[in-house]
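Visitor: could you work out the structure for the sequence below:
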Amino acid sequence: MLNALPSFITMLNACSGLVAIYVNHPVYSSILILLGGVCDVLDGTVARWLGVQSEVGKQLDSLSDAITFGLAPSYLVYHHVFVYSSDSVYLSLFSSIVLPVFAIIRLAMFNVDMRQRDIFIGLPTPAMALFFIGLVTHYYYQSEWLIEKGVMRFLLSLPFFFAAMMILPIPMLSFKKINPYLIAVIAVSMIFLWIFQWAGLTMAIISYILLSCIKVLIEGYVINNKQRKL
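Guide: Next up is the predicted model:
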């Protein structure tokens with residue numbers, strides 16, 4: 001019975017994403033996506049604790065993530081942000097579809113990439129989801145900004161940036177190993193959440209991306225210096 005517990009938690013993740021889509025409310029759906037994120041952390045932890053990790057569980061986890069962190073946030077973005085766009089509805093649809101499509105590609109790459117045990121290569125799909133649910137909930141309370149054409153065009157371009165970030169071979173910070181960069185991300189994120197509430201999620205993911213890139217640049221610089229000395 002206990003052997004099925006991790007898969008049950010994984011299915012709760014998938015259900016959270018599906019209900020978030022059905023509810024289609026900026027705040028309530030975002031909370032459901034966050035609950036899915038909790039389940040996503042718990043299923044792997046419980047599987048390791050019970051020693052029942054399996055290939056089926058791994059595939060179930062990715063399929064659930066595709067729903068909760070790919071399809072659900074893009075659905076919310078389309079219905080509660082891009083709906084205000086005065087540009088072509090086809091552009092809004094295309095921009096929204098980019099997110100789940102590249103989330104699926106990202107998850108497929110993750111499943112076969114053995115390097116991603118201690119680090120992430122490319123932006124994790126939950127991080128992308130957090131960025132966009134922060135955006136959705138912020139504009140739910142501050143929708144007057146969406147009538148600005150320049151703001152909307154910038155927002156419509158964001159899915160393409162995040163699609164690229166999910167599949168580019170850029171090492172990103174993993175929460176599996178504690179280091180000064182990760183501590184900095186957590187500290188900054190807590191400050192953003194306290195000051196900006198929901199919008200703090202979006203700002204926290206920006207800080208996560210920036211600090212991950214800074215880590216790559218600093219480590220590359222150190223390695224180059226060592227090679228020169230040799």
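
Visitor: buried set for the helix or strand containing residue 187?
Guide: Following DSSP states H and E, one finds residue 187 within helix 180-196. By neighbour count on 16 or more other C-beta atoms under 10 Å, the buried set for helix 180-196 is 181-182, 184-185, 188-189, 192-193. C-beta: built from backbone N, CA, C; applies to glycine.

Visitor: contact partners of it?
Guide: Residues outside helix 180-196 that contact it (C-beta atoms under 8 Å, 6 or more residues apart in numbering): 173-175, 199-201, 203-204, 207-208, 211-212, 214-215.

Visitor: go again with 7 Å.
Guide: Residues outside helix 180-196 that contact it (C-beta atoms under 7 Å, 6 or more residues apart in numbering): 173, 175, 200, 203-204, 207-208, 211, 215.

Visitor: with stretch 53-67 instead?
Guide: 6-7, 10, 13-14, 17-18, 40, 43, 47, 100, 103-104, 107, 111, 125.

Visitor: at 8 Å what do you get?
Guide: With C-beta under 8 Å, 6+ apart as the test, stretch 53-67 has contacts from 6-7, 10-11, 13-14, 17-18, 36, 40, 43-44, 47, 100, 103-104, 107-108, 110-111, 125-126.

Visitor: coming back round to it: could I have the CA atoms of the helix holding residue 187 written out in CSV?
Guide: Output of helix 180-196 as CSV, limited to C-alpha atoms (Å, rounded to 0.1, in the frame of the first residue of the first chain):
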residue,chain,number,x,y,z
PRO,A,180,25.6,30.9,-1.1
TYR,A,181,23.8,31.6,-4.4
LEU,A,182,20.8,29.5,-3.4
ILE,A,183,20.7,31.2,0.1
ALA,A,184,20.8,34.6,-1.7
VAL,A,185,17.9,33.5,-3.9
ILE,A,186,15.8,32.4,-0.9
ALA,A,187,16.6,35.5,1.1
VAL,A,188,15.7,37.9,-1.8
SER,A,189,12.6,35.9,-2.6
MET,A,190,11.3,36.1,0.9
ILE,A,191,11.8,39.9,0.8
PHE,A,192,10.0,40.2,-2.5
LEU,A,193,7.1,38.1,-1.3
TRP,A,194,6.8,40.1,1.9
ILE,A,195,6.8,43.5,0.1
PHE,A,196,5.0,42.7,-3.2
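
Visitor: mean confidence score for that helix?
Guide: Over the span of helix 180-196, the pLDDT mean works out to 83.

Visitor: quick check on residue 172: phi, psi?
Guide: phi -120, psi 150 (degrees, to the nearest 10).

Visitor: quick check: it vs residue 102, distance?
Guide: Look at residue 172 and residue 102: by C-beta to C-beta, to the nearest Å, they are 15 Å apart.

Visitor: same question for residue 212.
Guide: On the measure of C-beta to C-beta, residue 212 and residue 102 end up 18 Å apart.

Visitor: same thing with residue 133?
Guide: Distance from residue 133 to residue 102, by C-beta to C-beta: 17 Å.

Visitor: more neighbours: these two, which one.
Guide: residue 133 (28 against 24; other C-beta atoms under 10 Å).

Visitor: so who does that one touch?
Guide: 29-30, 33-34, 73, 76, 198, 201.
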